[in-house]
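Undergrad: give me a model of this one.
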Amino acid sequence: MKARVAIAVILIALLPVFSASAQNLQQARALYDAGKFLAAAEMAQALGGSPGLTLAVRATLAHYAYVERAAARPEIFARMNALADQAVQLDARNAEAHLQSAVALGYRGRMSGPMPAHFAGYAKDARTHMLAALAIEPENAWAHAMLGAWHMEIVRKGGGFMARSLYGARLDEGLKLYRRALELEPNNLVLHYEFGLALAAQDIKKFGGQSQQHLRIALALPPKNAFERLAQDRARALLNALRTGGKGQLREVIVAQTEFPHAAQPRAAR
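TA: Sure, this is the predicted structure:
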């Protein structure tokens, strides 16, 4: 009886701590929604724990992928990769932590270039995290979409034969996964934009019409936060290039939205 009373007293004493932590995490999410990504990341990382570290990674990646793309550096994505992995270690059932680790790995791959990324194993490690997220949450739309993007990106960069041989990546599988993601969340503005971009980057002649369709949906949906407003801005620029721009302008927009300015380039492209 005394032991039960002691435990109850300890739990009651800890309630204010848990409440304050939850409130601070909510404040960090509010900063994220307002577009103050780095401030959100700083607050969330200071809170620690798997949810806090995951939000810190998400906010930091949002900043360098959508706000200051020119400021992105390999070491930033390496740190975020390590932080996301720490969040996974703290809670292996945190599906979003797995996904944020996969995002960071994807950006590390883009920054390093195809061959270094291949030998570093970024693509395979990213897939492992995505599959882990799907095992935890089989109907997680982002997990389906990211795995779909993984297939499409590898096919786009390496060609169908190399993609299948080295990674088991297939364009048809990528399309199927992306479409499944939109079945799960048909009103997800960012997923429509990302799919529209992936389609345009993949093959404009074959998928240009479908790309425009998804971009129009992204522009018609009401944005819920600053991140979604940024995605809409990019969707608008891409749709305008698809509709009225020449091949050169369209390629510039696609490159600007898929690559990083300071990414390593293959020797032939230098």
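Undergrad: please make it C-alpha for all contacts and neighbour counts, starting now.
TA: Noted.
Undergrad: buried stuff in whichever helix or strand residue 156 is part of?
TA: Taking DSSP states H and E as the definition, residue 156 sits inside helix 141-158. Neighbour counts using 16 or more other C-alpha atoms under 10 Å place 141-156 of helix 141-158 among the buried residues.
Undergrad: need the max-distance pair from those.
TA: When C-alpha to C-alpha is used, the two most widely separated members of those are 141 and 156, lying 22.2 Å apart.
Undergrad: follow-up on the earlier one: how far off centre is the helix holding residue 156?
TA: 11 Å (C-alpha atoms, centre = their mean, to the nearest Å).
Undergrad: kindly report the same for stretch 52-72.
TA: With C-alpha atoms, centre = their mean, you get 10 Å for stretch 52-72.
Undergrad: show the end-to-end separation of stretch 87-95, please.
TA: Chord length of stretch 87-95, first to last residue, is 10 Å (C-alpha to C-alpha, to the nearest Å).
Undergrad: pretty sure residue 60 sits against residue 41.
TA: Yes. Between residue 60 and residue 41 there is a contact at 6.0 Å, judged by C-alpha atoms under 8 Å.
Undergrad: looking at the two, which is more packed in?
TA: residue 41 (26 against 23; other C-alpha atoms under 10 Å).
Undergrad: any idea how far the more buried one is from residue 32?
TA: 8 Å.
Undergrad: list residues touching both of these two?
TA: Common contacts of residue 41 and residue 32, defined by C-alpha atoms under 8 Å, 6 or more residues apart in numbering, comprise residue 59.
Undergrad: tell me where the stretch 51-200 of the chain has strands.
TA: Read by DSSP state E, counting those that start in this stretch, the stretch 51-200 of the chain holds no strands at all.
Undergrad: can you list the low-confidence ranges for it?
TA: Within the stretch 51-200 of the chain, no stretch has pLDDT under 70.
Undergrad: could you pull out the helices for it?
TA: Secondary structure of the stretch 51-200 of the chain, counting by DSSP state H, counting those that start in this stretch: helices at 74-90, 95-112, 114-120, 122-136, 141-158, 160-167, 171-184, 189-202.
Undergrad: pop out the phi and psi values for residue 139.
TA: Per-residue torsions, residue 139: phi -110, psi 30 (degrees, to the nearest 10).
Undergrad: contacts only, for it.
TA: residue 184.
Undergrad: any idea which residue sits dead centre in this protein?
TA: In the chain, the residue lying closest to the centroid (C-alpha atoms, centre = their mean) is residue 103, at 4.6 Å.
Undergrad: shouldn't it be in contact with residue 126?
TA: Yes. Between residue 103 and residue 126 there is a contact under C-alpha under 8 Å: 7.5 Å.
Undergrad: contacting residues around the helix holding residue 156?
TA: Taking C-alpha under 8 Å, 6+ apart as the rule, helix 141-158 contacts 99, 114, 123, 127, 130-131, 133-134, 162-163, 169-171, 173-182, 184-185, 191, 195, 198, 201-202.
Undergrad: dump the residue contacts of residue 210.
TA: 196, 199.
Undergrad: that one sits in which helix or strand?
TA: Residue-wise, residue 210 maps onto helix 204-220 under DSSP H and E.
Undergrad: one more: residue 250?
TA: Going by DSSP H and E, residue 250 is in helix 247-258.
Undergrad: and for residue 138, the neighbour number?
TA: Neighbour tally, residue 138, other C-alpha under 10 Å: 12.
Undergrad: residue 156 and residue 170: what is the separation?
TA: Distance, residue 156 to residue 170, using C-alpha to C-alpha: 10 Å.
Undergrad: do the same with residue 215
TA: Distance, residue 215 to residue 170, using C-alpha to C-alpha: 23 Å.
Undergrad: more neighbours, these two?
TA: residue 215 (27 against 22).
Undergrad: residue 200 versus the more buried one, what's the distance?
TA: 10 Å.
Undergrad: which residue sits closest to residue 164, ignoring its sequence neighbours?
TA: Leaving out its chain neighbours, the residue that sits closest to residue 164 by C-alpha to C-alpha, 6 or more residues apart in numbering is residue 170, at 6.2 Å.
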